[in-house]
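S.K.: Take this sequence and fold it.
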Amino acid sequence: MPEKNITVLVVDDAADTRDSIRRLLGLSIGMQVVGEAEHGEDAIKKVDQLHPNIVLMDINMPGMDGITATEKICAAHPQTVVIVISVQGEMEYLRKAMIAGAKDYLVKPFGADELVDCIHKTWERESQRRSNIVGMPGIGAAEKRPGKVISIFGPKGGVGKTTLAVNLGAVLASERKLRTCLVDLSLQFGDACVLLSLVPRRTISDLVSESTIDKETILPYLLNHPCGIKVLPAPLSPEYAEYITPEHVSRIMSTLREMFDYVIVDMPASFQDVALAALDAADRIVMVGNMDMASLKNMKLSLEVMKRLSYSTDKVFIIVNRAGYDYGIKFKDLETALGRPVNFFIQTDDITAVTSTNRGMPFVLDQSDSKLSRRIFDLVDEHIEPKAREKEEAVGLWRRRKAK
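M.R.: Below is the predicted model:
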């Protein structure tokens, strides 16, 4: 329970609705309605003046609608949390509102308990999420962390996300000799163990049933691969996914960070709370997409959502997989559509990738001379774990002496 009142701005074009919400919240301890607005423009002005913790935003209003107002408020006031209010049949508008930055929703009609519970849970969840965010300016900047978390995120299925996660982890573990853990957070249909030819008996869904999550309890749940990488498997059956909570994920990430040099997280294609916990904890989010319109659309939407989540541009690293000139989309046009440069391209090599999957062996290990493997090595050398600086400086010194 917060120590001070949660301040609320009520936005609805119906005066009766505003009055009803004010009365409902007036009966609740820890809530304070600080203002009302009857349309989007008015809501933006009131947020500028009052800086409320929560905005209850109706979607359909005259003038500026709730979706546009939500987008503008979230962009200008990232610390203010918007909860949209909808009626049955407005699910498409609701989806757009969530993309615009809303953090939760209520469906009319709702009672006092549902309203208060939604506000409390949303505010507490967002407060906790922000306190856990890694990579934001000014948050934990002075604290040196023992390990790095890299979340591999693909906003569309079939883009090569798991293949990248497995091979990236294999390079870090086998070639760089770094302590590396792969977490399969695709909780319903995780495939990391398939690509590594591992057969799990205990998984993350079993781990979260432990009374505590620490180094000692996690170790027995990690599978060992011959290349040196350790794997925390996804649940054996999709229905077990519901047992994992955002709090579990945050604790697991924090603990693994203390145990390993790198924690590679194979993410689900969603922005649900469990996924957000892993994205928040990441030092870097590697977003993977292909050169097709569906993938491009989802990448652009995901970038917009990540901006609303206050992730810095440096935190999000974009990879276009299966890149080539034969898809009818130019690289320059792709970057223009995304609104930012693509950080890394991986060329098409389906034979190597499929052969690797069928063998259950990362291609960087048994097909290390393939062009696909070389690109993964380049990714590690150039962007993930650059070669030791002393060697580069030594080469530079030798060249300077030779020049004399």
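
S.K.: From here on, just use CA atoms for contacts and neighbour counts.
M.R.: Fine.

S.K.: give me every residue that touches the closest residue to residue 177 other than its chain neighbours.
M.R.: Of all residues not flanking residue 177 in the chain, residue 228 sits nearest, at 7.9 Å (C-alpha to C-alpha, 6 or more residues apart in numbering). Listed by C-alpha atoms under 8 Å, 6 or more residues apart in numbering, the contact set of residue 228 reads 170, 173-174, 177, 179-180.

S.K.: For this protein, which helix or strand comes out least confident on mean pLDDT?
M.R.: The weakest-scoring helix or strand in the chain, judged by mean pLDDT, DSSP states H and E, is helix 389-403 (a mean of 43).

S.K.: what sits up against the biggest helix by length in the chain?
M.R.: Secondary structure of the chain per DSSP state H: the longest helix is helix 112-132. By C-alpha under 8 Å, 6+ apart, the surrounding residues in contact with helix 112-132 are 24-25, 28, 53-54, 81, 83, 103-104, 106, 250, 277, 280-281.

S.K.: and these, which of them are in helices?
M.R.: Using DSSP H, the contacts of helix 112-132 in helices are 24-25, 250, 277, 280-281.

S.K.: one step back: which among the contacts of residue 228 gets closest to residue 62?
M.R.: The closest of the contacts of residue 228 to residue 62 turns out to be residue 180 (C-alpha to C-alpha; 54.3 Å).

S.K.: just checking, that closest one touches residue 256?
M.R.: No - Residue 180 is not in contact with residue 256 according to C-alpha atoms under 8 Å; the separation is 9.5 Å.

S.K.: Please say which of these two ends up with more neighbours.
M.R.: Neighbour count, other C-alpha atoms under 10 Å: between residue 180 and residue 256, residue 180 has more, with 28 against 24.

S.K.: Per-residue pLDDT of that one, please?
M.R.: The score at residue 180 is 96. That number is its pLDDT.

S.K.: On the three-state scheme, the residue nearest to residue 177 is what?
M.R.: coil (DSSP: H, G, I helix; E, B strand; the rest coil).

S.K.: Tell me the predicted confidence for it.
M.R.: 93.

S.K.: how close does it get to residue 276?
M.R.: Distance of residue 228 to residue 276, given as C-alpha to C-alpha, to the nearest Å: 28 Å.

S.K.: picking up where we left off before, please report phi then psi for the residue nearest to residue 177.
M.R.: phi 110, psi -10 (degrees, to the nearest 10).

S.K.: And residue 162, by the same measure?
M.R.: Dihedral pair for residue 162: phi -70, psi -40, per degrees, to the nearest 10.

S.K.: Please name the residues that touch it.
M.R.: 152, 191-192, 266.

S.K.: what would these look like in TSV with secondary structure?
M.R.: Below are these laid out as TSV (three-state DSSP):
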residue	secondary structure
152	strand
191	coil
192	helix
266	strand
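
S.K.: Name the residues of the helix or strand harbouring residue 168 that come out as buried.
M.R.: Residue 168 is part of helix 161-170 when elements are defined by DSSP states H and E. For helix 161-170, burial by neighbour count (16 or more other C-alpha atoms under 10 Å) applies to 161-170.

S.K.: Just the residues contacting whichever helix or strand residue 183 is part of, thanks.
M.R.: Residue 183 is part of strand 180-184 when elements are defined by DSSP H and E. Defining contact as C-alpha under 8 Å, 6+ apart, one finds that strand 180-184 is touched by 165-166, 169, 172-173, 190-192, 228-234, 256, 260-267.

S.K.: Buried ones among the residues you listed?
M.R.: Neighbour counting over the contacts of strand 180-184 (16+ other C-alpha under 10 Å) leaves 165-166, 169, 172-173, 190-192, 228-234, 256, 260-267 as the buried ones.

S.K.: show me what contacts the residue nearest in space to the middle of the chain?
M.R.: Nearest residue to the geometric centre of the chain (C-alpha atoms, centre = their mean): residue 279, 3.1 Å. By C-alpha under 8 Å, 6+ apart, the contact set of residue 279 is 151, 285.

S.K.: again with residue 36
M.R.: 9-12, 18, 43, 46.

S.K.: May I ask which of the residues you listed has the most neighbours?
M.R.: Highest neighbour count within these: residue 11, with 28 neighbours (other C-alpha under 10 Å).

S.K.: I figured it hits residue 38, correct?
M.R.: Yes - between residue 11 and residue 38 a contact is recorded at 5.6 Å, counting by C-alpha under 8 Å.
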